[in-house]
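1. whatever this is, show me its structure:
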Amino acid sequence: MRLGIFAKTFAAIGAEPALRAVAAAGYEGAQFNLACLGLPSMPDRIDPAVAATIGAASRETGIVIEAVSGTYNMVHPDPAVRRRGMERLETLCAATTAMGTRLVTLCTGTRDPVDQWRWHADNATPQAWRALCTEMTKALEIAERFDADLGIEPELANVVASAADARRMIETMASPRLRVVLDPANLFEVAEPAERRRLVDEAVDLLAGSIAMAHAKDRDPKGGFTAAGRGVIDFPHFVARLRSAGFDGPLVTHGLSETEARDVAAYLGGIVAESGGR
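-> Numbers count the residues shown, from 1 in each chain. From the prediction side, this is the model:
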């Protein structure tokens, strides 16, 4: 299990400076974001030479590009917004090989027109689910064309709001290119310890064969986000459950500051080591 971090955690601009900061903080991998190059996360165009600098920086630093962030609101109520997002996703997928990765992380979206990470009551409607299925079909056609994989994440504020929703989407799409990013902090907001453990167990049991990457951020007792190890998530249990399910992919932390990165690497690295090695 390889320990990684969002590259945009660090203030460094440029592929190699960002990945050197990742390595210096004690990580082996990174989820890259084009914001690290001073670009929008999903630009209208990616110069092939710019994409190549990311792959070259990965080779130079030894930091594995575990994924690249490709989040936009896939079920935005405005079709024009969805169309622009899909066009930018295609641009991103076309650059993944040069970047040295094949996984693009998605946001399954919300009917909220302003904030793609805010719940809207219409998210739970059959119309929202059908809209997401329509968009996901298009996205998977793009991924197939560029030999990329797409990672969806159960997220309370999105249409895929639970592990059961993610399993349903995987079965509906029936594509090996649709994978899961599992973050235990996105399975609940406030819950008792027994319920938190049940939700993690359920998610791993439902999604084990489809998990491409695990995320690691934490929740404080009031439901806010905090750095891994500073909240209520039982990470030793989460990592142990992932291992017992056969997962040996990247564990990527985010939702922390640059100054917290070393401490979190030590904390999560210790848990990974105690669970059975890298």
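2. count of residues packed around residue 244?
-> 12 (other C-beta atoms under 10 Å). Bear in mind the C-beta positions are built from the backbone N, C-alpha and C, glycine included.
3. pull the contacting residues for it.
-> Listed by C-beta atoms under 8 Å, 6 or more residues apart in numbering, residue 244 has no contact partners.
4. change it to 10 Å
-> Going by C-beta atoms under 10 Å, 6 or more residues apart in numbering, residue 244 touches 204, 208, 275-276.
5. and for the helix or strand harbouring residue 264, what's in contact with it?
-> Element membership for residue 264 (DSSP states H and E) is helix 261-274. Helix 261-274 has contacts (C-beta under 10 Å, 6+ apart) with 1-6, 9-10, 21-22, 24-28, 216-218, 227-230, 235-240, 242-243, 251-257, 260, 278.
6. quick one, phi psi at residue 4?
-> Main-chain dihedrals, residue 4, degrees, to the nearest 10: phi -130, psi 180.
7. before we move on, what SS does residue 69 have?
-> Classification of residue 69 by DSSP: H, G, I helix; E, B strand; the rest coil places it in strand.
8. how about the nearest residue to residue 45 once chain neighbours are set aside, what does it touch?
-> What sits nearest to residue 45 in space, not counting adjacent residues and going by C-beta to C-beta, 6 or more residues apart in numbering, is residue 91, at 6.3 Å. Residue 91 makes contacts with 42-46, 51, 70, 142, as judged by C-beta under 10 Å, 6+ apart.
9. can you lay out the residues you listed as CSV showing distance to residue 148?
-> As requested, those are arranged in CSV below (distance: C-beta to C-beta, whole Å):
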residue, distance to residue 148
42, 14
43, 17
44, 18
45, 18
46, 13
51, 13
70, 9
142, 8
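10. buried subset of those residues, written for PyMOL?
-> Applying 16 or more other C-beta atoms under 10 Å to the contacts of residue 91, the buried members can be selected in PyMOL as follows:
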select buried, resi 42+43+46+51+70+142
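11. out of the contacts of residue 91, which sit inside strands?
-> When the contacts of residue 91 are checked against strands (DSSP state E), the matches are residue 70.
12. thinking again about what came up before, pull the helix holding residue 264 out as PDB, backbone CA atoms only.
-> Extracted in PDB, the C-alpha atoms of helix 261-274 (Å, rounded to 0.1, in the frame of the first residue of the first chain):
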ATOM      1  CA  ALA A 261       2.000  16.900   5.800                       C
ATOM      2  CA  ARG A 262       5.000  15.400   7.500                       C
ATOM      3  CA  ASP A 263       3.100  14.500  10.700                       C
ATOM      4  CA  VAL A 264       0.300  12.900   8.700                       C
ATOM      5  CA  ALA A 265       2.800  10.900   6.600                       C
ATOM      6  CA  ALA A 266       4.300   9.600   9.800                       C
ATOM      7  CA  TYR A 267       0.900   8.700  11.300                       C
ATOM      8  CA  LEU A 268      -0.500   7.000   8.200                       C
ATOM      9  CA  GLY A 269       2.900   5.400   7.300                       C
ATOM     10  CA  GLY A 270       3.000   3.800  10.800                       C
ATOM     11  CA  ILE A 271      -0.500   2.400  10.300                       C
ATOM     12  CA  VAL A 272       0.300   1.000   6.900                       C
ATOM     13  CA  ALA A 273       3.500  -0.600   8.200                       C
ATOM     14  CA  GLU A 274       1.700  -2.200  11.200                       C
END
